[in-house]
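Engineer: Let's see this in three dimensions:
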Amino acid sequence: MVDYVGQAIAGSQEDMLVAHTTISDDYSIKLPDEVRRRNEFKPGDRVGILQVGNSLRIVKTRTIEELQEKLKDADITGFRDEEDRM
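Structural biologist: This next block holds a predicted model:
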């Protein structure tokens with residue numbers, strides 16, 4: 001079951017997807033199809049689980065190589081360099 005919640009939540013500026021699943025006997029969780037599609041999860045992807053208050057957030061974990069590729073064209077003007085370090 002998947003529900004969509006948008007501006008109904010006060011202060012929300014983005015669409016929120018609410019999906020329901022069941023924890024199996026071996027504590028596995030199957031991500032609903034819509035969650036996998038929206039987040040482009042593929043078999044073998046690593047994820048991090050963050051506990052925030054009484055809720056959990058599942059985030060895709062990036063490798064160093066993926067982060068380097070994503071940031072290779074970043075403008076670093078104004079960032080500290082070695083001369084600024086103490």
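
Engineer: In contact with the residue nearest in space to the middle of the chain, which residues?
Structural biologist: Central residue of the chain (C-alpha atoms, centre = their mean): V59, 3.1 Å from the mean position. Contacts for V59 (C-beta atoms under 8 Å, 6 or more residues apart in numbering) come out as 47-48, 50. For every residue, glycine as well, the C-beta is placed using N, CA and C.

Engineer: Most neighbours among those residues, please name it.
Structural biologist: V47 (13 neighbours; other C-beta atoms under 10 Å).

Engineer: The residue nearest to the centre of the chain: what secondary structure?
Structural biologist: Under DSSP: H, G, I helix; E, B strand; the rest coil, V59 falls in the strand class.

Engineer: Tell me how far it lies from R46.
Structural biologist: 10 Å (C-beta to C-beta, to the nearest Å).

Engineer: V52 now?
Structural biologist: Using C-beta to C-beta, V52 is found at 19 Å from R46.

Engineer: How about R36?
Structural biologist: Where R46 is concerned, R36 sits at a distance of 15 Å (C-beta to C-beta).

Engineer: out of those two, which sits in the busier spot?
Structural biologist: Neighbours were counted for R36 and for R46 using other C-beta under 10 Å; R36 has more, 15 against 8.

Engineer: Not counting the helix or strand hosting the more buried one itself, show me its contacts.
Structural biologist: In this structure, R36 is located in helix 33-39 according to DSSP states H and E. Contact with helix 33-39 is made by 2, 17, 19, 41, 60, as judged by C-beta under 8 Å, 6+ apart.

Engineer: Name the strands paired with the helix or strand hosting the second one and say parallel or antiparallel.
Structural biologist: Secondary structure here is read from DSSP H and E; on that basis L17 sits in strand 16-19. Sheet pairing of strand 16-19 (DSSP bridges) gives strand 2-5 (antiparallel).
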